[in-house]
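In: next come a sequence and a model predicted from it.
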Amino acid sequence: MSTPPPRRRRGRILVSLLLLLLGVGVVPLVATSYHLVSRSREILELDQKATQLDKARSLSQQVSVYVKSLQSQVVAIARTLEVDVAPSAFAARVARIRDDDGLRRYVEDANSRFHYVSVVDASSSGARSGVQLSEPAIEQLLREGVSRGLQGKSMVSHPIISSSLQEPVMVLAEPVSPGGTRNAAPANAAGDAPREEVASAPASVQGVVLVVASLGPLWNMTRELGQGGLFDVYVVDGRGRLIAHSDPRKLEGNLDVSDVEIVKQFLASQGRTAATVPFTITTPAGSTQMLGTYTGIPDTGWGVIVQIPQDKAYYSAIQMGYQSMGLVAVVTIGAVLFGTLFAGHISRPIQLLAQGARRLAGGDYGIRVPIKASNEVGVLAESFNHMGEEIQKSIEQIRQAAHRNKELFMGSIRMLANAIDEKDPYTRGHSERVAFYSSLIAKHLGMTEEEVERVHLSGIIHDVGKIGIEDKILRKPAALTEEEYEIMKQHPRKGEKILDAVPLLKQMAGAGLMHHENVDGSGYPDGLKGDQIPLLGRIVSVADAFDAMTTDRPYSKAMTFEAALSRLRFLAGKKFDGTCVSAIEKAAATGDLTPAKARRASVTARRQADPVLTH
């Protein structure tokens, strides 16, 4: 009778493994989770306060810029009226403005924020345009503006809600002193009283510019920062009255919020500090614990308040605590199941090998499996690590080879471009600059990195056909004759023939040769128009023209970047693609396009093998 095999004693191993998992895994996890949750809550609370402070400061800057822009526009109108007019002739000039309705453009312009503009002379006779607001409060401020203006004082009133316009407005006044010298005394815009600016020669004041300006855009600013009602964001003046609120319904009732605790603290600080503090508000539904942030708006006396209920503010921290407890429970159950199902000591090495294989397959060729077992699993781990080392070496060799090939390719292309530029001393570095500008346009059109690289390459080779143009034409220091111009117009065709020798390069970047086609069909060589012109050609066209306008040529002096951008905008839709023009304007607005960066990109790219985009 055969002896049965000895029964495996799994119970003691299972118990030991479960105790080990609980002692080494679950208990430290509980302690760590408690510590991390506590720390994370502190960090989240700090982050919440920082977020609210950032919102408040951002809105403060926006409002400050907006108010200053209104003041600047009013001052600009006044200074314009002072130009080329003698004090004795100012009344006649006001009469002409009234007869010609010359103030209409200030209120009818699409970007104007003025509801009403008027100019009065010293006899209170004048011209006006816009909405005549027959509201006692506004009329009183307008009269006060005339009085202060004729005394040589500027005025910015406190905000008031216009019942007819259903929005907040403010009155601004600026004296007009033909032939006088003004010396503004520093003062704040009105919080409780109108701001005054004293002129050095009040006797020279001949009139006053009066403006009723809209503060409606402040509503949009607060609504955007309110994130759909998550935050209450509002602006108050120096008296504690609402100017704008992220919830428009708040502006329909009592605008005096000076009794709200957070507003009281702002008024007490007089706008000199910013802080985030907890406070309580009382509503018909009961008391609510809030977290509020206040900060002042420079030069106005106004303030920005950002507040949120504390249960919403710390929602993430509360949820993190619940999630951590859930995670601990899941891990505990998982540990028990794992110990029950996989009581063998081989499971973890196999898991490590599987994890290493997945990371290796995902591209982490430096992964190594730290298994020192003396059994078959250890041999497998050593083989896996050796395989990883060999794969890593091979990949590195492939990368180096690809890098060298790219260097050779780009070096050859750049050498060709430099050869073109060297033929004409007036356009040295032209190809590199055009490539730089083209890349910026592509970037701000939202193209991928690969597409931007193709555009950059297209910019480098866009003038390759000039190799086939005689030097006497390229170097001619004067305007070309009609016959010479016809010869010059052949260079896109010559470029196509040159690129025929490198079909892949022609496929990738050859469309840039069409940079002399115009969107209205007046270009060459094919007279294409609109979308018939490939996007690469339209991009390089704008970049090529921009470089031509901003560099000295024998027949023209270089424009400033601003003038060149204005010229591009003027020709958008005629010669250039409007979307591409908008993209280069956006690059200039964001600081990506500056003369210094253009020079640096050109010089660096000519010295190095790889394209350098200095963004």
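Out: That came in fine, so what should we check first?
In: please list all residues in contact with residue 581.
Out: Applying CB atoms under 8 Å, 6 or more residues apart in numbering to residue 581 gives the contacts 542, 568, 569, 572. Just so you know, the C-beta spots here come from the backbone N, C-alpha and C atoms, and that holds for glycine as well.
In: rerun at 10 Å
Out: The neighbours of residue 581, taking CB atoms under 10 Å, 6 or more residues apart in numbering as the test, are 441, 538, 542, 545-546, 565, 567-573, 575.
In: which of these tops the neighbour count?
Out: Neighbour counts for these (other CB atoms under 10 Å) peak at residue 441, which has 30 neighbours.
In: got the buried residues for stretch 65-76?
Out: Buried residues in stretch 65-76, counted by 16 or more other CB atoms under 10 Å: 66, 67, 70, 71, 73, 74, 75.
In: now intersect the residues you listed with the helices, please.
Out: The members of these that map onto helices under DSSP state H are 66, 67, 70, 71, 73, 74, 75.
In: quick one on the thing from earlier: could the contacts of residue 581 go into a markdown table alongside distance to residue 221?
Out: A markdown table is the format used below for the contacts of residue 581 (distance: CB to CB, whole Å):
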| residue | distance to residue 221 |
| --- | --- |
| 441 | 31 |
| 538 | 36 |
| 542 | 33 |
| 545 | 37 |
| 546 | 34 |
| 565 | 28 |
| 567 | 33 |
| 568 | 31 |
| 569 | 27 |
| 570 | 32 |
| 571 | 35 |
| 572 | 30 |
| 573 | 32 |
| 575 | 38 |
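In: just the ones in helices from these, please.
Out: Among the contacts of residue 581, the ones falling in helices (DSSP H) are 441, 538, 542, 545, 546, 565, 567, 568, 569, 570, 571.
In: these two touch, right, the last one and residue 523?
Out: No: Residue 571 sits out of contact with residue 523 when judged by CB atoms under 10 Å, with a separation of 11.8 Å.
In: just the CA trace of the helix or strand residue 154 falls within, in PDB.
Out: Assigned by DSSP states H and E, residue 154 belongs to strand 153-156. Presented in PDB, the C-alpha positions along strand 153-156 are these (Å, rounded to 0.1, in the frame of the first residue of the first chain):
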ATOM      1  CA  LYS A 153      -8.800 120.400 -11.000                       C
ATOM      2  CA  SER A 154      -9.300 116.900 -12.500                       C
ATOM      3  CA  MET A 155     -12.100 114.800 -11.000                       C
ATOM      4  CA  VAL A 156     -13.000 111.100 -10.800                       C
END
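In: now tell me what touches the helix or strand following it from outside.
Out: Using DSSP H and E, the helix or strand that follows strand 153-156 in sequence is strand 160-162. With contacts defined as CB under 10 Å, 6+ apart, strand 160-162 is touched by 115, 131, 133, 135, 137-138, 140-141, 167-171, 212, 214-216, 237, 241-243, 251-252, 255.
In: how far is whichever helix or strand comes after strand 160-162 from where the chain is centred?
Out: Where DSSP H and E defines the elements, the next helix or strand beyond strand 160-162 is strand 167-176. Chain-centre distance of strand 167-176: 31 Å, with CA atoms, centre = their mean, to the nearest Å.
In: may I have strand 167-176 as PDB, with CA atoms only?
Out: Extracted in PDB, the C-alpha atoms of strand 167-176 (Å, rounded to 0.1, in the frame of the first residue of the first chain):
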ATOM      1  CA  GLU A 167     -25.400  99.600 -14.400                       C
ATOM      2  CA  PRO A 168     -22.700 101.400 -12.300                       C
ATOM      3  CA  VAL A 169     -21.100 104.500 -13.800                       C
ATOM      4  CA  MET A 170     -18.700 107.200 -12.800                       C
ATOM      5  CA  VAL A 171     -18.100 110.800 -13.800                       C
ATOM      6  CA  LEU A 172     -14.700 112.000 -14.900                       C
ATOM      7  CA  ALA A 173     -13.700 115.600 -15.500                       C
ATOM      8  CA  GLU A 174     -10.500 117.000 -17.000                       C
ATOM      9  CA  PRO A 175      -9.600 120.700 -17.400                       C
ATOM     10  CA  VAL A 176      -8.500 122.000 -20.800                       C
END
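In: quick one: mean pLDDT over it.
Out: In this model, strand 167-176 has a mean pLDDT of 92.
In: now stretch 597-606
Out: Here the average pLDDT along stretch 597-606 is 71.
In: sorry, back to before: which of the buried residues of stretch 65-76 lies closest to residue 300?
Out: residue 67 (5.9 Å; CB to CB).
In: buried subset of the contacts of strand 160-162?
Out: With burial judged by 16+ other CB under 10 Å, the buried subset of those is 115, 133, 135, 138, 141, 167-171, 212, 214-216, 237, 241-243, 251, 255.
In: same list (the ones in helices among the contacts of residue 581) but as JSON lines, adding distance to residue 518 and pLDDT.
Out: Listed next are the ones in helices among the contacts of residue 581 as JSON lines, based on distance: CB to CB, whole Å; pLDDT from 0 to 100:
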{"residue": "441", "distance to residue 518": "17", "pLDDT": "94"}
{"residue": "538", "distance to residue 518": "10", "pLDDT": "93"}
{"residue": "542", "distance to residue 518": "11", "pLDDT": "94"}
{"residue": "545", "distance to residue 518": "10", "pLDDT": "92"}
{"residue": "546", "distance to residue 518": "15", "pLDDT": "93"}
{"residue": "565", "distance to residue 518": "18", "pLDDT": "93"}
{"residue": "567", "distance to residue 518": "14", "pLDDT": "93"}
{"residue": "568", "distance to residue 518": "13", "pLDDT": "93"}
{"residue": "569", "distance to residue 518": "15", "pLDDT": "94"}
{"residue": "570", "distance to residue 518": "14", "pLDDT": "94"}
{"residue": "571", "distance to residue 518": "9", "pLDDT": "93"}
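In: circling back to that earlier point, turn the buried residues of stretch 65-76 into TSV, columns for pLDDT and distance to residue 120.
Out: TSV is the format used below for the buried residues of stretch 65-76 (pLDDT from 0 to 100; distance: CB to CB, whole Å):
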residue	pLDDT	distance to residue 120
66	91	26
67	92	23
70	92	19
71	92	19
73	91	18
74	92	14
75	93	17
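In: these: which two are farthest apart?
Out: 66 and 75 (15.2 Å).
In: quick check: buried residues in stretch 478-498?
Out: Buried residues in stretch 478-498, counted by 16+ other CB under 10 Å: 484, 488, 491, 492, 494, 495, 496, 498.
In: the closest residue in space to residue 535 that isn't next to it in sequence in helix, strand or coil?
Out: Residue nearest to residue 535 in three dimensions, not counting chain neighbours: residue 511, with 7.5 Å by CB to CB, 6 or more residues apart in numbering. Of the three states, residue 511 takes helix under DSSP: H, G, I helix; E, B strand; the rest coil.
In: ok, now how distant is residue 511 from residue 584?
Out: Plainly put, residue 511 is 18 Å away from residue 584 if you go by CB to CB, to the nearest Å.
In: when those two are compared, which one has more neighbours?
Out: residue 584 (28 against 21).
In: quick one, what contacts the closest residue to that one other than its chain neighbours?
Out: Spatial nearest neighbour of residue 584, chain neighbours left out: residue 441 (5.2 Å); criterion: CB to CB, 6+ apart. Each residue near residue 441 by CB under 10 Å, 6+ apart is listed here: 447, 452, 455, 459, 535, 538-540, 542-543, 546, 577, 579-587, 593.
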